[in-house]
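*Asks:* Need the 3D shape of this:
(2 chains)
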Amino acid sequence: MNRFCKHTFAIAAAGVIAVAGYMASSSQAIAACPLKIGFSMAQSGGLAGGGKQALVSMEMWAKDVNAKGGLLNCPVKLIYYDDQTNPKTVPGIYAKLLDIDKVDFVVSGYGTNLIAPALPVVIQREMVFMGLFGMNNNKKWKYDKYFQILPSGPDPAVDFSSSWFETVMKMNPKPKSIAFVAADAEFARNLKDGAITNAKRLGLKIVYNKNFPPRTADHTPIVRAVNATNPDLFYVASYPNGSAGLVRAVSEVGTKARAFGGGMVGLQFAGIMKGLGPKLNGVLNYDFYVPEPNMNVYPGVEALLMEYQKIAPAKKVDALGYYLAPWSYAYLQILGDAIKAVGSKDQAKIAEYIHKTEFTTVVGKVKFGANGEWAHPRTLTVQWQNIKKQNDLDQFTKPGVRKIMGPAAFATGKVQPFNSLR
Amino acid sequence: MFSFELLINAIVIGILLGGFYAALSIGLSISFGLLDIVNIAHPTFIILGAFFCYIFNNNFGYDPILVGLVFTPVFYVLGNLIYIVYYHKFEKTGAEALRGLAFFFGILFIIEVSLIVFFGVDFRLVQADYIDFKLSFGDVDLPFRMFVPFVIAMALTLGLQYFSSHTFFGRAMQAVAQDSLALRLVAIDPAKIKRIAFGISLATCSIAGALVVIVIPIEPSVGRLYIGQVFAIVVLGGLGSQSGTLIAAMMLGLIESLVTTFFGPSWAPAVAFGALILVLAFRPTGIFGRVGDTR
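*Replies:* This next block holds a predicted model:
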């Protein structure tokens, strides 16, 4: 073989190898498409109201991303299963997502109780895990690839209620005693423990501290027992059924407490707001987004909610979407931005990027601390005021109904004693 | 923190709560207690009834109890149809134990999923003037949100008790639980009696549904919370005894209310179910169960 032939052969061989390599890499890229994000989500059971709401906005995110060309040159596909609001189903779902569906990324379902059982499975695979409304789930694990979108703060259980306590301590005369009631569930107990820390820090005397089972049908005996201790403040950490039950019980039995509420999940849901109507007046509770003028810190949230509210009736989900839709959009937005910035599926690099970056999302600027919780708390304390009608959802879409009491930067009103608004 | 006012109010609420629990359980005392049909979907049928009440209340302003009453024939017919399937596929072939249970589990999921598909998963509440009304006698309050369901539950329970003991079909229902062969000997078809009885059992779900949606907010799966409780009440009362079911429900309601008031709500289920175990230890057939009934 002469020199020319040798060179030609070498070039041809290199060409073949290069083409083969390119084909292999491109076929790998094709095989890796679509980019799959897996999760469990409550589509039935007690938290399905939130789960379905979250899913709608997550699908909106996937649609928006795919309209812009997807991620890593691949369309994004969401793969999810109904966890039935049952923590026992969650490990199996994540094992299936990772082993059978071969998803590229996992994010959590909605709520503390459903995040907790997923964490060990995800930690074992060393994957990035975005959490949706988890309360202190990473406390024991200290997992460096866990990030959580609930704006509780670096010490979530305590920071979550800080704004509530700051608000009530502005009352004149200053409250001296407090009663605690919590649903027997992970989230509510965590929340109550954090609130107790705040109460002790402020020197409040704890006169009642009990949990109640989730299937409690009538809450009036609880309210009466609390009333017997005559607290200045009545802090409740509860899930939707208990929240509605306790608001009704307080309407029937009354209370002399000057503030009632705190960590009541469900009062933000359209169905419950509509049904309870004026019974909500005076309740001082947490929230994350309300249609008040000072909420323009969230760029794009109004457009997102308008789009959500168009879809909601057909999907038979929460008609307003204030509570969860922006946040479930945002936690995927952060993951998507990080994947795009890193340019690969390298879980360690993506986690590192999320740790060091401040993201601009539909819920404003988000920066995570070392434990994956928000570096600075932004839980709102709102008070229900001026609700005139029952069964009228429209009134809740206007400013002035859920006025923001804290943090001070967002405040649109001044806290009133509970009974003065009844 | 004991006070006489707390005690009286706890007793009043306990009795009202007991009435509510009786309404949830009374239909099951027929299907499970008399007919030996483990209708695990009973609370879900109640939620189905509650949704009908919600729809007519929310869209047309009809009173939920009125809607519940109007829908009882629909539930009766539904009960008849379900029993026909159950009888031919399971009971007749002697496969009712496990397969029958699976059948009702299936119905439970079908109803739940159908409700989710048609109505979504939002919590629903009804409106009626009496829901926000209460009477006060000194320090004692009588909230109509609980009192109205209590009155309806009492009427339902006593009506069924009368039906069971004073009518031909009622007695036949009792007889089919004791000896269906003897029933055949007097030319009565046990399957027909059971079909009617199961229809009545399901008809009570329509009324109980109205009471549920008055007392608590509903969503499709909320019935699951009460499965254990309704079965416990039926067993505690004595299988097939309507008056036993009423007394057991009252006991549970009272214990729950008193324990919640004086010791804390998280103890209430433990004490209530502790009482159940204690009663069954001394009376294995339940409070009003027949001695020798080993079902």
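
*Asks:* which ones are touching the residue nearest to A:F212 when sequence neighbours are not counted?
*Replies:* Excluding its sequence neighbours, the residue lying closest to A:F212 (CB to CB, 6 or more residues apart in numbering or on different chains) is B:P265, at 3.5 Å. Glycine gets a C-beta too; all of them are placed from N, C-alpha and C. Contact partners of B:P265, counting by CB atoms under 8 Å, 6 or more residues apart in numbering or on different chains, are A:210-213, A:216, A:221-222, B:259.

*Asks:* what pLDDT does the residue most central in space within chain A get?
*Replies:* Central residue of chain A (CA atoms, centre = their mean): A:F133, 2.9 Å from the mean position. Looking at A:F133, its pLDDT reads 94.

*Asks:* Tell me if I'm right that it and A:G111 touch.
*Replies:* Yes - between A:F133 and A:G111 there is a contact under CB atoms under 8 Å: 5.6 Å.

*Asks:* can you give me the strands for the chain?
*Replies:* I'll assume chain A. A:35-41, A:76-82, A:105-110, A:129-132, A:146-148, A:177-183, A:205-212, A:233-238, A:259-264, A:284-287, A:358-361, A:364-367, A:380-384, A:402-406 (DSSP state E).

*Asks:* actually it's chain B I care about, not the one you picked
*Replies:* B:134-137, B:140-143.

*Asks:* Tell me where the model's unsure across chain A.
*Replies:* Residue ranges of chain A with pLDDT under 70: A:1-31.

*Asks:* and if you look at chain B?
*Replies:* For chain B (pLDDT under 70), the answer is B:1, B:290-295.

*Asks:* got the residues of the stretch 1-150 of chain B near chain A?
*Replies:* Residues of the stretch 1-150 of chain B found near chain A (CB under 8 Å from any CB of the partner chain) are B:1, B:3, B:6, B:9-10, B:13, B:16-17, B:20-21, B:58, B:112-113, B:116-127, B:132, B:134, B:141, B:143, B:145-146.

*Asks:* show me the contacts for A:P91.
*Replies:* The neighbours of A:P91, taking CB under 8 Å, 6+ apart as the test, are A:117-118, A:120-121.

*Asks:* Buried ones among the residues you listed?
*Replies:* The neighbour count (16 or more other CB atoms under 10 Å in any protein chain shown) marks A:117-118, A:121 as buried among the contacts of A:P91.

*Asks:* between these, which is closest to B:F231?
*Replies:* Using CB to CB, A:P117 comes nearest to B:F231 of those, at 27.5 Å.

*Asks:* That closest one and A:V90 touch, don't they?
*Replies:* Yes - applying CB under 8 Å as the test, A:P117 and A:V90 come out as touching, 4.1 Å apart.

*Asks:* that older thread, joint contacts of A:F133 and A:G111?
*Replies:* Common neighbours of A:F133 and A:G111 (CB under 8 Å, 6+ apart) are A:G50.

*Asks:* Could you measure from A:L98 over to chain B?
*Replies:* 27 Å (CB to the nearest CB, to the nearest Å).

*Asks:* what do you get for A:S238?
*Replies:* 11 Å.

*Asks:* what residues does the stretch 51-200 of chain A put near chain B?
*Replies:* Checking the stretch 51-200 of chain A against chain B by CB under 8 Å from any CB, the hits are A:51-52, A:84-85, A:184.

*Asks:* how about 6 Å then?
*Replies:* Taking CB under 6 Å from any CB of the partner chain as the measure of proximity, the stretch 51-200 of chain A contacts chain B at A:52, A:184.

*Asks:* In the stretch 301-422 of chain A, which residue sits nearest chain B?
*Replies:* Closest to chain B within the stretch 301-422 of chain A is A:K316: 3.0 Å, counting by CB to the nearest CB.

*Asks:* What's the local residue count around that residue?
*Replies:* If you count neighbours by other CB atoms under 10 Å in any protein chain shown, A:K316 ends up with 15.

*Asks:* Show me the helices in chain B, by range?
*Replies:* For chain B, the helices defined by DSSP state H occupy B:4-28, B:42-60, B:64-70, B:72-86, B:98-119, B:144-166, B:168-178, B:180-185, B:190-215, B:227-237, B:242-262, B:268-282.

*Asks:* any chance of those helices in CSV, with mean neighbour count too?
*Replies:* Shown next, in CSV, are those (neighbours: other CB atoms under 10 Å in any protein chain shown):
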stretch, mean neighbour count
helix B:4-28, 23
helix B:42-60, 23
helix B:64-70, 21
helix B:72-86, 18
helix B:98-119, 16
helix B:144-166, 19
helix B:168-178, 17
helix B:180-185, 12
helix B:190-215, 26
helix B:227-237, 24
helix B:242-262, 24
helix B:268-282, 15
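
*Asks:* A:E373: which of these is closest?
*Replies:* helix B:98-119 (32.6 Å).

*Asks:* what packs against that closest one?
*Replies:* helix B:42-60 (3 or more CB pairs under 6 Å, 6 or more residues apart in numbering or on different chains; DSSP states H and E).

*Asks:* which one of the contacts of A:P91 sits closest to B:I82?
*Replies:* Ranked by distance to B:I82 (CB to CB), the contacts of A:P91 are led by A:P117 at 35.5 Å.

*Asks:* residue contacts, the closest one?
*Replies:* Taking CB atoms under 6 Å, 6 or more residues apart in numbering or on different chains as the criterion, A:P117 is in contact with A:87, A:90-91.

*Asks:* Of those, which is the nearest to chain B?
*Replies:* A:P87 (14.6 Å).

*Asks:* Just give the closest residue to the closest one, not the sequence neighbours.
*Replies:* Per CB to CB, 6+ apart, closest to A:P87 is A:P117, 4.6 Å.
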